[in-house]
Structures are given as structure tokens and as C-alpha cells.
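S.K.: Sequence first, then the predicted structure, then my questions.
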Amino acid sequence: MKPTNSERHDRIPNLSHSRLQKYITCPEQYRLYYLERLRPKREAAARVFGAVMHLALEEYFRKERDPLATFRTEWNGCREFELRYSQRESWQKLSEIGEALLGKFLAEEARKFEQIFAVEAQFHIGVSNVAAPLIGTLDLIAQLEGKKTLVEFKTGANDWGEHDVLLSDQLTIYGLAEPEVEQTAICVFVKKRVPEIVWHFTERTPGQQVEYLRKLEILSQHIADHVFYKRVGFWCRQCEFLPVCTGNEKKAKETLVRLPTVRGETPCMIEGGDL
Ligand code: SF4
């Protein structure tokens, strides 16, 4: 049965890049996460590591706190939690990589920031033809190379490719949120034994922004209409919901937990982390 207009309106959540990206990757993954409220019992170490690095940089730009000190405190605190490490990862390895990356940042990159305008700035954009706002948080707005620059920090096993930077929806959203900035930069902290910090600068044309807004309209309609299906691909290998999709109930019970429903909260109000 088709939803009424009022039901469709209620079903559209505040839209964020991470929420939309989950739907684009696999609508069934979105459903299991936001509507069934399933979560892994053990969080991925890479995700937690990224969040700790983010926090270290945030505290540095907000309070001038030594990022190495923040990293050590937070990452040591993570040692007592059972995290999911990939074959190549361990708490110790990530600890060494984090220290090396932040040391390199302090030695070579920190002086490039001439003036700080905003740290972790939240935005909320109303878009015509989309019933819910687009929300998110900008890592940093700073003066860089004489230009007002929106900076997004990333940690990853690899650098971003040129096409990733040119086509990133996240950077298009940020351009819509802060049209006054002169350039957008991605600063990638590459998790290698020999640390690498790579900068990419990019811009968005009005045509690219219009194209993205059309996509946003389509996605929000599909989410409101509960258009869910399994989008199978190589990403399933890393999906925490694979045991559900393959019918492995024993493993699903061992690895997943369902969040309780909070009174007054609809599934649309649950937000995922953008790490
Ligand atoms: S295992 Fe694959 S099909 Fe199933 S939810 Fe995850 S990404 Fe989607």
C-alpha cells in the first residue's frame, strides 16, 4: 500500500551525508541500521581511530591543546574496549601510526593555518523540493594560503584519488553550506608505517550543485517511500549486516545488538556517526 503524503512527510528524516551515503551504498543496510536499529557489538577499530584523530585535531584548533596528548589519552582509553581490528591492524600499530601522523602534522602542517574562523561548525540547509533539511558539521574553516578555506580531515588506509575529490558528494554539500569560502580542501592522514599527510584542493560549479540537489530529491523520496532492497557488491564483505543477509542467525546474534526504542523517538531521528 502506498504511503499517504502525511506518512511520507513523517518518514523523511533530517538528511546528512552519512545517512544518504548509507542509503546509496545499500538501501537494505540503511533499513537495518536506521529502522531495525541494529548495531555491531564491537565497533570497527578503524572507525574509532578516525574519531580519536578527529577529536585530537578539534581540540588543537579549538583550545590549542597538544593533539598528541589528546590522542594518547583517548586511544589509551580505547584499549579496554573490544574493538574489531582488521588483519593488518592492532591497538599498538594504530597507536604508533596516530602518534607519527600527529607529530608530522605539528612539524609540517600546523603552521599553514593562518587564522581559524570556525571549528566543528554545524549547518542546517533548507532545500526546496526536499521536505527535510540537510544537516552536518564542518570540520574547520580557516585562512590557508591567503584564502578562506573549508577543511575536511580524513584518515584512511589510502590517499584519495583525483576522481574521489572531484566527485565527492560530501564536498558538494559543504560548498552549499558555506558558499562564502574561496576553496575547499581535503587533508588526508594516510595510515602507513611512514606517515603521509596529503592535501587536495577543489571547487564546485553551480551545475554540480544543481545536479546534487536533484539527487537529494530522488533519495529523500525513496527513503520516505521505504524503497529498500539488497544492493549486493564487493562492499558486502565489510558489511556488519552480512550475517543477516546470508541468513546466518547464529552469527547475527553473536555480532549484532538492537538498540532500544527511546520514547518519542522515531527511527528517522536516529543519526549515524560521520567519522
Ligand atoms: S550485506 Fe550487502 S546486501 Fe546485505 S545489507 Fe550489507 S551491503 Fe546490503
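M.R.: Now that the structure is in, tell me what you want to look at.
S.K.: Packing partners of the longest strand belonging to the chain?
M.R.: In the chain, ranked by residue count with DSSP state E as the criterion, the top strand is strand 113-125. Applying 3 or more C-beta pairs under 8 Å, 6 or more residues apart in numbering; DSSP states H and E, we find strand 113-125 packed against helix 45-63, strand 134-144, helix 169-177. C-beta: built from backbone N, CA, C; applies to glycine.
S.K.: angle of the last one against strand 113-125?
M.R.: What it means is helix 169-177. Interaxial angle, helix 169-177 versus strand 113-125 (axes from the mean of the first three to the mean of the last three C-alpha atoms, to 10 degrees): 90 degrees.
S.K.: Now do the buried residues in helix 169-177.
M.R.: Neighbour-count burial for helix 169-177 flags 170-177 (criterion: 16 or more other C-beta atoms under 10 Å).
S.K.: Now do the helix or strand just after that helix and helix 45-63, the angle between them.
M.R.: Sequence-wise, the next helix or strand downstream of helix 169-177 (DSSP states H and E) is strand 183-190. Orientation note: strand 183-190 sits at an angle of 130 degrees relative to helix 45-63 (the same axes, to 10 degrees).
S.K.: And strand 183-190, what's buried?
M.R.: Within strand 183-190, judged by 16+ other C-beta under 10 Å, the buried ones are 184-190.
S.K.: swap in stretch 26-37?
M.R.: 26-34, 37.
S.K.: Tell me which of the helices and strands packed on strand 113-125 sits nearest to the ligand.
M.R.: helix 45-63 (15.9 Å; C-beta to the nearest ligand atom).
S.K.: now for that closest one, which elements pack on it?
M.R.: Applying 3+ C-beta pairs under 8 Å, 6+ apart, we find helix 45-63 packed against helix 67-78, helix 91-104, strand 113-125, strand 134-144, strand 147-156.
S.K.: Out of the ones you listed, the one nearest the ligand is which?
M.R.: Taking the helices and strands packed on helix 45-63 one by one with C-beta to the nearest ligand atom, strand 147-156 is closest: 19.6 Å.
S.K.: Could you pull up the mean pLDDT of that closest one?
M.R.: Mean per-residue pLDDT for strand 147-156: 95.
S.K.: Following element in sequence after it, please.
M.R.: Following strand 147-156 in sequence, per DSSP H and E, is helix 162-167.
S.K.: Mean pLDDT and distance to E254 for the helices and strands packed on strand 113-125 - can I get that in CSV?
M.R.: Formatted as CSV, those follow (pLDDT from 0 to 100; distance: least, C-beta to C-beta, whole Å):
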stretch, mean pLDDT, distance to E254
helix 45-63, 96, 18
strand 134-144, 95, 34
helix 169-177, 92, 33
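S.K.: Any chance of a markdown table for those, columns distance to L106?
M.R.: Shown next, in a markdown table, are these (distance: least, C-beta to C-beta, whole Å):
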| stretch | distance to L106 |
| --- | --- |
| helix 45-63 | 8 |
| strand 134-144 | 16 |
| helix 169-177 | 25 |
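S.K.: possible to save the ones you listed as TSV with distance to the ligand?
M.R.: Shown next, in TSV, are the helices and strands packed on strand 113-125 (distance: least, C-beta to the nearest ligand atom, whole Å):
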stretch	distance to the ligand
helix 45-63	16
strand 134-144	23
helix 169-177	18
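S.K.: before we move on, back to that, among the helices and strands packed on helix 45-63, which is nearest L15?
M.R.: Between L15 and the helices and strands packed on helix 45-63, the tightest spacing by C-beta to C-beta is seen for strand 134-144, at 5.1 Å.
S.K.: Indicate each strand paired with the closest one and its parallel or antiparallel sense.
M.R.: Here strand 134-144 is paired, per DSSP bridges, with strand 15-16 (parallel), strand 113-125 (antiparallel), strand 147-156 (antiparallel).
S.K.: tell me the mean pLDDT over the second one?
M.R.: Going back to what we said before, that points to strand 113-125. In this model, strand 113-125 has an average pLDDT of 94.
S.K.: Centre of the chain to it, how far?
M.R.: Counting by C-alpha atoms, centre = their mean, to the nearest Å, strand 113-125 is centred 17 Å from the centre of its parent chain.
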